[in-house]
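J.: please find the sequence and the predicted model below.
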Amino acid sequence: MTVLAHEMAAAPVEVPTVTSADQETVIASAAAAVAGDVEAALTLADHHPAGEASVRLRERLRGHIHTLAVPAERYADLLPESREKDIAASTVRFARKVARDCGSDPAIALRLLAKSVAHLARNTDLLRLV
């Protein structure tokens with residue numbers, strides 16, 4: 001997880017920030033893993049959405065949502081009252097809902113989970129590190 005520059009003043013003590021090249025490498029590696037999972041999910045949704053790999057990928061995407069929802073929610077809370085804030089907050093709510101239940105169609109589930117992860121990652125600035 002990374003902390004956006006405008007979050008630094010409001011960041012709780014337990015939020016990790018980049019202070020070394022090793023931490024940058026770990027964050028970049030996590031960003032690459034998230035981006036890879038999103039891309040793989042969108043590809044599998046079109047070609048083989050019901051296989052064992054897809055089941056494992058859906059679980060990983062749910063994990064990404066749980067991990068990214070907290071900093072994405074923090075980002076939304078820090079925005080001034082605006083349409084952007086409403087969209088950011090509703091994105092977090094929708095992603096959490098998708099993580100709980102995204103229906104029975106495996107292709108739709110993969111797409112919803114992948115897009116939710118991508119939106120949360122964008123709001124936490126994670127995918128810009130790839």
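T.: In hand now; what should we look at? Keep in mind that what you see is a predicted model, and the values were worked out from it rather than measured.
J.: only C-alpha atoms for contact and neighbour calcs from this point on.
T.: OK.
J.: low-confidence ranges, the protein, go.
T.: 1-29, 126-130 (pLDDT under 70).
J.: ranges for the helices of it?
T.: 21-47, 52-78, 83-100, 106-123 (DSSP state H).
J.: can I get the ones you listed in CSV including mean neighbour count?
T.: Listed next are the helices of the chain as CSV, based on neighbours: other CA atoms under 10 Å:
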stretch, mean neighbour count
helix 21-47, 17
helix 52-78, 18
helix 83-100, 16
helix 106-123, 23
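J.: so who does the residue nearest to residue 66 when sequence neighbours are not counted touch?
T.: Spatial nearest neighbour of residue 66, chain neighbours left out: residue 96 (7.3 Å); criterion: CA to CA, 6 or more residues apart in numbering. Neighbour list for residue 96: 65, 66, 69 [criterion: CA atoms under 8 Å, 6 or more residues apart in numbering].
J.: residue 109: which of the residues you listed is nearest?
T.: residue 65 (13.3 Å; CA to CA).
J.: residue 118 is in contact with the closest one, correct?
T.: No - counting by CA atoms under 8 Å, residue 65 does not reach residue 118; the two are 9.3 Å apart.
J.: residue 113 versus the residue nearest to residue 66, what's the distance?
T.: Distance of residue 96 to residue 113, computed by CA to CA, to the nearest Å: 10 Å.
J.: what do those two both touch?
T.: The contact sets of residue 96 and residue 113 overlap at residue 65 (CA under 8 Å, 6+ apart).
J.: one step back: could you export the contacts of residue 96 as CSV, including distance to residue 90?
T.: Shown next, in CSV, are the contacts of residue 96 (distance: CA to CA, whole Å):
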residue, distance to residue 90
65, 14
66, 15
69, 11
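J.: wait, which of those is closest to residue 108?
T.: Minimum distance to residue 108 across these is 16.3 Å, recorded for residue 65 (CA to CA).
J.: which residues touch the residue nearest to the closest one when sequence neighbours are not counted?
T.: Leaving out its chain neighbours, the residue that sits closest to residue 65 by CA to CA, 6+ apart is residue 117, at 5.6 Å. Neighbouring residues of residue 117 by CA under 8 Å, 6+ apart: 34, 38, 61, 64, 65, 68, 95.
J.: from residue 69, how far out is the third one?
T.: Pointing back at residue 61 there. When CA to CA is the yardstick, residue 61 and residue 69 sit 12 Å from each other.
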